[in-house]
Structures are given as C-alpha cells and as structure tokens.
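Student: Need coordinates for the below:
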Amino acid sequence: MEELDGYALRELVSAIYVDAPDKSSGKRVQHIHIKYDGLGFIPLNELMKKETA
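Tutor: Have a look, this model is predicted:
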C-alpha cells in the first residue's frame, strides 16, 4: 500500500486522541495518539524506526 486514503484510514484506525498544547518549555508541543483497530497504540518512534539488516 503506497498511500492511505479515507477508506483505508476508516478501516485501520479506531480512534485519534489529540492532547491539549503545552507551552511550558517555551515551545508549543502537542501530542497525538492513534489507536489502530486490532493493534492498540503503536508509539510514533516505533513507526519511524528504519529496519536494520
């Protein structure tokens, strides 16, 4: 699958939670949590890891 369209997102994602923005560090930070259907939560840093052989 090269691209996620609306249909694929509706089938794969069960919920999206957006935290309130936090400016306490001087920078605006806002966390987003995506709950995948059948998988639960997968941390973003796990999704961004590149496979190493």
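
Student: going forward, measure contacts and count neighbours with C-alpha atoms only.
Tutor: OK.

Student: A20 - how many residues pack around it?
Tutor: By the criterion of other CA atoms under 10 Å, A20 has 10 neighbours.

Student: Now do the same contact list for it.
Tutor: Going by CA atoms under 8 Å, 6 or more residues apart in numbering, A20 touches Q30, H31.

Student: I'd like the mean pLDDT over the helix ranked longest in the chain, please.
Tutor: As assigned by DSSP state H, the longest helix anywhere in the chain is helix 6-12. Across helix 6-12, pLDDT averages out at 80.

Student: Buried residues in that helix, which are they?
Tutor: Buried residues in helix 6-12, counted by 16 or more other CA atoms under 10 Å: none are found.

Student: got the contact list for it?
Tutor: Residues contacting helix 6-12 (CA under 8 Å, 6+ apart): Y36, D37.

Student: Over to stretch 23-43?
Tutor: Under the criterion CA under 8 Å, 6+ apart, residues E11, L12, V13, S14, A15, I16, Y17, V18, D19, A20, P21, D22 lie in contact with stretch 23-43.

Student: Of the residues you listed - the most surrounded one?
Tutor: Greatest neighbour count in those, by other CA under 10 Å, goes to V13: 16 neighbours.

Student: distance of A20 from K35?
Tutor: 17 Å (CA to CA, to the nearest Å).

Student: Next: V13.
Tutor: 6 Å.

Student: and the helix or strand that the longest helix of the chain is followed by, what does it pack onto?
Tutor: Once the chain leaves helix 6-12, the next helix or strand it forms, by DSSP states H and E, is strand 13-18. With contacts taken as 3 or more CA pairs under 8 Å, 6 or more residues apart in numbering; DSSP states H and E, strand 13-18 sits against strand 32-36.

Student: so what strands line up beside the strand it packs on?
Tutor: Strand pairing for strand 32-36, using DSSP bridges, gives strand 13-18 (antiparallel), strand 40-41 (antiparallel).
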